[in-house]
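Novice: pasting the structure only:
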């Protein structure tokens, strides 16, 4: 049993370093303490089967990978196919391109018949892109990116609001619209800290 502990601990260390995660990163993903991760990697204890399964999903390997000796290259048959991650990224990008296509077609139709600055529709495409990315990241992505995507969506939406007001009223003195971003940004940071 001690040999198995040492094999698993060595493999856990190798996989964590390969993914460039810290012990704290792995602990956050699993909702464990970094001390527990350290014990597993030292071979002092073993995680339960459910946690081993979660670790396998995090690292993209099968349970056989953790229990066998050898290098990463020697255990290729135990590495899960990464095409699912690629497919999710492609789906998100296709959705964003569809949104932009609708905006551009709408812009083209409106600009051909009217004398108004409809280019503002294209400005709104930027925060829309941020919201779509935020939505897909909430479903499939990593929690650590939510704060960046929230910030992007907040500040680009406020910029679009600013331009919308400016070109509707001609009032260039609407900078205080951006003050709304301060509590929204603080809320986004606090929201990202919820476990």
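Specialist: Structure received. Fair warning: this is a prediction, and the values are worked out from it, not measured in the lab.
Novice: drop to CA atoms for contacts and neighbour counts, all remaining ones
Specialist: Will do.
Novice: In terms of secondary structure, what does the helix ranked longest in the chain contact?
Specialist: For the chain, the longest helix by residue count, based on DSSP state H, is helix 83-113. Applying 3 or more C-alpha pairs under 8 Å, 6 or more residues apart in numbering; DSSP states H and E, we find helix 83-113 packed against helix 120-140.
Novice: Give me the contact list for the helix it packs on.
Specialist: 88, 92, 95-96, 99-100, 103-104, 107, 143, 145-146, 149-150, 152-154, 156-157, 160, 163-164 (C-alpha atoms under 8 Å, 6 or more residues apart in numbering).
Novice: and what of stretch 164-183?
Specialist: By C-alpha under 8 Å, 6+ apart, stretch 164-183 touches 117, 120, 154-155, 158-159, 161-162.
Novice: That one: end-to-end distance?
Specialist: 21 Å (C-alpha to C-alpha, to the nearest Å).
Novice: That one - what's its average pLDDT?
Specialist: Averaged over stretch 164-183, pLDDT sits at 83.
Novice: Pull out the buried residues from it.
Specialist: For stretch 164-183, the neighbour count (16 or more other C-alpha atoms under 10 Å) marks 164, 181 as buried.
Novice: Residue 194 in helix, strand or coil?
Specialist: coil (DSSP: H, G, I helix; E, B strand; the rest coil).
Novice: ditto for residue 165
Specialist: Here residue 165 is recorded as helix under three-state DSSP.
Novice: any weak-confidence spans in this protein?
Specialist: Residues of the chain that meet the criterion pLDDT under 70 lie in 1-2, 81-84, 114-115, 195.
Novice: how's it carved up into domains?
Specialist: Structural domains annotated on the chain: 2-78, 84-192, as defined by automatic domain parsing.
Novice: From the contacts of stretch 164-183, which land in helices?
Specialist: The members of these that map onto helices under DSSP H are 120, 154-155, 158-159, 161-162.
Novice: now residue 75, nearest residue through space, not along the chain?
Specialist: residue 65 (6.5 Å; C-alpha to C-alpha, 6 or more residues apart in numbering).
Novice: picking that back up, are any of the contacts of stretch 164-183 buried, and which?
Specialist: Buried among those (16+ other C-alpha under 10 Å): 154-155, 158-159, 161-162.
Novice: how close does residue 66 get to residue 53?
Specialist: Taking C-alpha to C-alpha, one finds residue 66 at 10 Å from residue 53.
Novice: and those two? which has more neighbours close in?
Specialist: residue 66 (23 against 14; other C-alpha atoms under 10 Å).
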